[in-house]
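Colleague: sequence below, structure please.
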Amino acid sequence: MSHSQPTAPLPAPDDPQPETPPLIPLSAPREGIPEVISTPPALRRAVRALREGTGDLAVDTERASGFRYGQRAFLLQIRRDGAGTWLIDPETLEDLTPLVEFANEQEWILHAATQDLPCLNDLGMAPTAVFDTELAGRLAGFPRVALGTMVAQLLGLQLAKEHSAVDWSTRPLPQSWLSYAALDVEVLHELRAAITGVLEEQGKLEFARQEFEYELQPAEPSLVSEPWRKLSGIHKIKNKRNLAVARELWLSRESLAKSRDVAPGRLLPDRAIMAAIEHRASSVPALLQIPGFHGRSVKRDAPRWLDAVQRGRSTRDLPELRSDKSGLPNPRAWTEKNPKAADRLGAAKLLLAEVSEQWNIPAENLLSPKFLRELCWTPPAVISEGSVDQRLADLGARPWQRELLADRLAASLKG
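Modeller: Residues are numbered from 1 along each chain as shown. Prediction:
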């Protein structure tokens, strides 16, 4: 069917509803707080119970971002109708094969799948299909798509979120944290049903199906050859020698963080690296006078940081002021580097804003900003609806996006 116009009136999910009943607090899982599965026999028991359940798996993970190195999962939450909720500790289980073999045969419901799938994939786990309730909320036009917000709006339930940023590598995990973790998956089946109804009413369920399928495609290998350039504040550095100091401090911090399994920022904040460059300390006592170098762990490792500073000041391997990464220039530089492309991008953004308002879908979900920049920087040699549609397909745009945008973008690119 054609998607040139919305097929149904688009409700505004953020409109206040009169006489809204008070939210019902979810204070504890309905079957009680599950035990944490941490032994092979307990894991086999959990998988047997899950196999006896029915329907898709509601899946979530808890990581220790900001506390531990990397983004691995420290707790898995899985729920299935008829089987209840199971909490599994992947840190203590060396072999997750029984769970992997079962879960990889199932469809999953997740909230913000792009956050959870990478660490689950690292454990060997991957669904046959996924329903992402957060992405569904974006496509439905909800301005706020946090799990607690959507559960409140669609289910009338109040989901506590006070433990979302705690250190999930803590052992043993407090009972209140386990309750929080179990509740996150307890609501997912009902939330999927509710948001599915909204998408059906809006004529967007097929959009969502294509987006969920795209989420399961393997991510492209990272092309970041100089990850140290992501340091906060590095754009303020204007000479190569100071960039070399920043690089050496980042590399030293990264190596130490990995060896200690600690988040890099807990060893040395980005702001401390920038301050070290500005203050030019040449001794440990001088270094410890710099803002950001006052914590106990920072003091313990001060000689290491000073060595990194000195390497940066003496190296002949000076980095370029700008990254040598492949790709397009920053759009802010397009007016100077490629004025016609800048004009195309400006017109295309206005077009996307119009379609975004028409369909009540965020512009970035209508079309990846990266795809839009690629199209405007290097449009087809002969611009037509067909050539633009093919270019979008080659970039990775989904059929529903191309159907909504290809003809309009072709007209925009022609000017």
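Colleague: OK, contacts around N338?
Modeller: 329, 377 (Cβ atoms under 8 Å, 6 or more residues apart in numbering). (C-beta placed from N, C-alpha, C; glycine too.)
Colleague: wait, I meant H279
Modeller: Contacts of H279 by Cβ under 8 Å, 6+ apart are 286, 289-290.
Colleague: and with 6 Å instead?
Modeller: I290 (Cβ atoms under 6 Å, 6 or more residues apart in numbering).
Colleague: what does P90 give?
Modeller: P90 touches 73, 76, 123, counting by Cβ under 6 Å, 6+ apart.
Colleague: bridged to the spatially closest residue to the second one that is not a sequence neighbour, which residues?
Modeller: In space, and not counting its chain neighbours, L76 is closest to I88: 4.2 Å by Cβ to Cβ, 6 or more residues apart in numbering. For I88, the beta-bridge partners under DSSP bridges are I37, L76.
Colleague: so what pLDDT did I88 get?
Modeller: As predicted, I88 sits at a pLDDT of 98.
Colleague: can you tell me the SS state at L251?
Modeller: Three-state call for L251 (DSSP: H, G, I helix; E, B strand; the rest coil): helix.
Colleague: quick one: it and A193, what's the gap?
Modeller: L251 is 49 Å from A193, where distance means Cβ to Cβ, to the nearest Å.
Colleague: looking at the two, which has the bigger crowd around it?
Modeller: Here L251 and A193 are set side by side on neighbour count (other Cβ atoms under 10 Å), and the busier one is L251, at 15 against 11.
Colleague: out of the contacts of P90, who's the most crowded?
Modeller: L76 (26 neighbours).
Colleague: show me what contacts it?
Modeller: Residues near L76 by Cβ under 6 Å, 6+ apart: 61, 88, 90.
Colleague: next secondary structure after the helix or strand bottoming out on mean pLDDT in the chain?
Modeller: None of the helices or strands of the chain scores lower by mean pLDDT, DSSP states H and E than helix 296-300, at a mean of 87. Note on helix 296-300: by DSSP states H and E, the next helix or strand toward the C-terminus is helix 302-314.
Colleague: would you list every one of the strands in this structure?
Modeller: 24-26, 36-37, 54-63, 73-81, 84-88, 107-110, 129-132, 157-159 (DSSP state E).
Colleague: between those, which one is nearest to P380?
Modeller: Counting by Cβ to Cβ, P380 lies closest to strand 129-132 out of these; the figure is 31.9 Å.
Colleague: contacts for the closest one?
Modeller: By Cβ under 6 Å, 6+ apart, the list of residues contacting strand 129-132 reads 107-110, 113, 192, 212.
Colleague: any buried residues in that strand, and which?
Modeller: Residues of strand 129-132 classed as buried by neighbour count (16 or more other Cβ atoms under 10 Å): 130-132.
Colleague: which intervals of this protein have sub-threshold pLDDT?
Modeller: Applying pLDDT under 70 to the chain flags the ranges 1-19, 220-224, 324-326.
Colleague: any idea which residue sits dead centre in this protein?
Modeller: What sits nearest the mean C-alpha location of the chain, by Cα atoms, centre = their mean, is Q115, with 4.3 Å.
Colleague: please tell me how far that residue sits from R63.
Modeller: In this structure, Q115 and R63 are 8 Å apart, going by Cβ to Cβ.
Colleague: what's the answer for G124, then?
Modeller: 17 Å.
Colleague: the two: which has the busier surroundings?
Modeller: The neighbour comparison of G124 against R63 (other Cβ under 10 Å) goes to R63, with 20 against 13.
Colleague: how many neighbours does the residue nearest to that one when sequence neighbours are not counted have?
Modeller: Using Cβ to Cβ, 6+ apart and skipping the chain neighbours, the partner closest in space to R63 is Q71 (5.5 Å). Residues near Q71, counting by other Cβ under 10 Å, number 14.
Colleague: and what of D317?
Modeller: Neighbour tally, D317, other Cβ under 10 Å: 10.
Colleague: for N365, see how far away the closest residue to R398 other than its chain neighbours is.
Modeller: Nearest residue to R398, sequence neighbours excluded (Cβ to Cβ, 6+ apart): Q210, at 4.4 Å. Shown here: Q210 relative to N365, a distance of 12 Å by Cβ to Cβ.
Colleague: quick one: which of the two has more around it?
Modeller: N365 (16 against 13).
Colleague: tabulate the contacts of L76 (a markdown table), appending distance to L231.
Modeller: Shown next, in a markdown table, are the contacts of L76 (distance: Cβ to Cβ, whole Å):
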| residue | distance to L231 |
| --- | --- |
| T61 | 27 |
| I88 | 36 |
| P90 | 31 |
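Colleague: which one of those residues is nearest I361?
Modeller: T61 (27.4 Å).
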